[in-house]
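# coordinates for the following, if possible.
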Amino acid sequence: MGRFNRNTTRPTLGAASAWLFFSVAASVVGSTASPSAANDDAAGDGSLGPAPGVVAIEGATMGTRYHAKVVVTTPEAFDVAGLKAAIDGRLAELNQVLSTYEPESELSRFNRSPPGEWFPVSADLAAVASFALKTAEESGGAFDPTVGPLVNLWGFGPLGRRETPPTDEEIAVARRVVGYRAVTLRADPPALKKTSQGVYLDFSAIAKGYASDDIGRLITELGDAYLRDAPRGEGAAPLGGGYMIEIGGEVATRGTKPGGGPWKIGLQRPDAAAGELSGVAELRDEALATSGDYRNFFEAGGQSYSHTIDPLTGRPVTHNLAAVTVRAATCMEADAVATALLVMGPGRGYDWAEERGVAALLIERTENGPAEKTTTAWQAVAADAEPADSEPASGGPTVMQVFFVTLAAFAVALGGMAIGVLISNRRIKGSCGGLAGFKDGEGNSICDACTSPSPECRGEPNDHGVAAHEASA
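Purely as a prediction, here's the structure:
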């Protein structure tokens, strides 16, 4: 299968570019199962055993992994393998449309097509191209889907890796065919046209976001189809309407988890302790995507070169913005905007996001370590989510409530037992092994209150020749 990003090597913690790691491998905090647990429980076909109300599915796609958590009405009877097959099939179709790593994909064929001619495209390619060109215009070219020749030149595309940076002359030649205005989209019938030879579209910065949205639509359609086709009185649709879809760190959600709690997505830094989260984003009918310069890079001459290429300079970004996380209505939007902000940098990117009401979290490298900066829109969303933090997502009792109720019940039972012993002047039935080593005010063993005190209770040697209460110390 074609891939959008061939590089899977993670930098060491000492690398200058390693600051934020967006982890949905711990992805849904407090949900049915973390991916680490999922790997242990996975069936041979890649599907996971269902937890109450939710089924979890994972697989490979676009050079990365996907995870899907879907709310279902009857998880014990749900066809998990059937849903996984539908998801895998759809992702394979999208890969054949959007991948530059697949030579015969629809996008690769357009990139080889001659200039000046309309190239008919599918609805999927037209939708992605339309949004990509729109974002390019709004961002002033910081996000540019024609950046492909530069991506390939720097060794981050399907042509393979490189160990040294390209020459200034090579960069200048590649820049001549970069510019989103060189591509025109026709809506009906959908088609693309480029103005010159060598124009090359690369949707790596938006394709996984679009795919996350699309798998969500697929799940919704399957549920709607069941309700439409099911005989009257057969019951509710097997799909309950809520889901979390994640592809390579790009997340789309709908509805809530069983019990009404939000989907909680963990944000983790690689320099923190294992499993330590720097923050949690709570999502309902919302998407989230992260772009960072630490995931894919090469080093040469003591300098690190990020895969994030500025289309305007033709070179990897050199500012201190390490990562950007964006919340939006769709994952495609979050994916594209996060990339645009990462190219712009901490100053211009923050101002651009503020002016447009973008909910963004920017993490910048400083002399004192990573510094977070959030836009007003991000702060507003976080403030709205705070009241939910004081209550469990499931609506059930908290751990502390359970502890105090249990403690109170134990105290009542112990008090009642003691009163019964005093009133009846009887011994407590049983061996009372749990009272080992305790004595009353006159120095007598508490075990004397029991009908048949065991040697262990009295602290006498057991069969192993060691006092029972000492062995536990």
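
# need the helices for this structure, in chain order.
Applying DSSP state H to the chain gives helices spanning 35-41, 80-98, 106-112, 123-138, 148-153, 168-175, 207-229, 331-344, 346-355, 376-389, 399-424, 455-458, 468-471.

# how much space separates Ala281 from Gly209?
From Ala281 across to Gly209, the span is 15 Å (Cβ to Cβ, to the nearest Å). Yep, even glycine has a C-beta here, placed from its N, CA and C like the rest.

# pull out the buried positions in stretch 192-199.
Within stretch 192-199, the residues that count as buried by 16 or more other Cβ atoms under 10 Å are 192-194, 198-199.

# which of the residues you listed sits closest to Thr376?
Taking Cβ to Cβ as the measure, Thr376 lies nearest Leu192 of these, at 37.0 Å.

# hey, what's the closest one bridged with?
Using DSSP bridges, the beta-bridge partners of Leu192 come out as Phe119, Leu185.

# and it, what is it in contact with?
110, 118-119, 121, 125-126, 129, 183-186, 201 (Cβ atoms under 8 Å, 6 or more residues apart in numbering).

# let's see 10 Å
By Cβ atoms under 10 Å, 6 or more residues apart in numbering, Leu192 lies in contact with 106-107, 110, 113, 117-121, 125-126, 129, 133, 183-186, 199, 201.

# Phe203 reaches Asn95, doesn't it?
No. Between Phe203 and Asn95 there is no contact under Cβ atoms under 10 Å: 11.4 Å.

# mind checking pLDDT for Ile363?
Here, the pLDDT recorded for Ile363 equals 91.

# with Val358 instead?
pLDDT at Val358 comes out at 98.

# tally of neighbours for it?
24 (other Cβ atoms under 10 Å).

# was I right to think it contacts Gly349?
Yes. Contact criterion Cβ under 10 Å: Val358 and Gly349 qualify, at 9.4 Å.

# what do these two both touch?
Common neighbours of Val358 and Gly349, using Cβ under 10 Å, 6+ apart, are 324, 337-338, 340-341, 375.

# so where is the stretch 251-400 of the chain shaky, pLDDT-wise?
By pLDDT under 70, the weakly predicted segments of the stretch 251-400 of the chain are 268-277, 294-295, 385-400.

# out of Ala281 and Gly209, which sits in the busier spot?
Neighbour totals were compared for Ala281 and Gly209, and Gly209 leads with 33 against 22 (other Cβ under 10 Å).

# for the more buried one, which non-adjacent residue is closest in space?
Asp335 (2.9 Å; Cβ to Cβ, 6 or more residues apart in numbering).

# with distance to Leu267 and pLDDT added, can I get the buried residues of stretch 192-199 in a markdown table?
Converted to a markdown table, those look like this (distance: Cβ to Cβ, whole Å; pLDDT from 0 to 100):
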| residue | distance to Leu267 | pLDDT |
| --- | --- | --- |
| Leu192 | 36 | 98 |
| Lys193 | 41 | 98 |
| Lys194 | 38 | 97 |
| Gly198 | 39 | 95 |
| Val199 | 36 | 97 |
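
# looking at the residues you listed, which is nearest Val317?
Val199 (22.8 Å).

# ok, and the closest non-adjacent residue to Lys373?
Leu362 (4.8 Å).

# my read: the one you found touches Trp378, true?
Yes. Here Leu362 reaches Trp378: they are 9.3 Å apart, a contact under Cβ under 10 Å.

# between these two, which contacts overlap?
325-326, 353.

# most neighbours among the residues you listed, which one?
For the shared contacts of Leu362 and Trp378, neighbours tallied by other Cβ under 10 Å; top is Val326, 30 neighbours.

# ok, now which ones touch that one?
If you count contacts by Cβ under 10 Å, 6+ apart, Val326 has them with 209, 287-291, 333-342, 353, 358-362, 375, 377-378.

# before we move on, the earlier item: as CSV, the shared contacts of Leu362 and Trp378 with distance to Gly157 would be great.
Putting those into CSV (distance: Cβ to Cβ, whole Å) gives the following:
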residue, distance to Gly157
Thr325, 25
Val326, 24
Ala353, 28
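
# out of those, which comes closest to Ala382?
When these are ranked by distance to Ala382 (Cβ to Cβ), Thr325 comes first, at 11.8 Å.

# what residue ranges in the stretch 51-200 of the chain score low on pLDDT?
Those would be 51-52, if you go by pLDDT under 70 across the stretch 51-200 of the chain.

# how about a cut-off of 80?
Applying pLDDT under 80 to the stretch 51-200 of the chain flags residues 51-52, 74-77.
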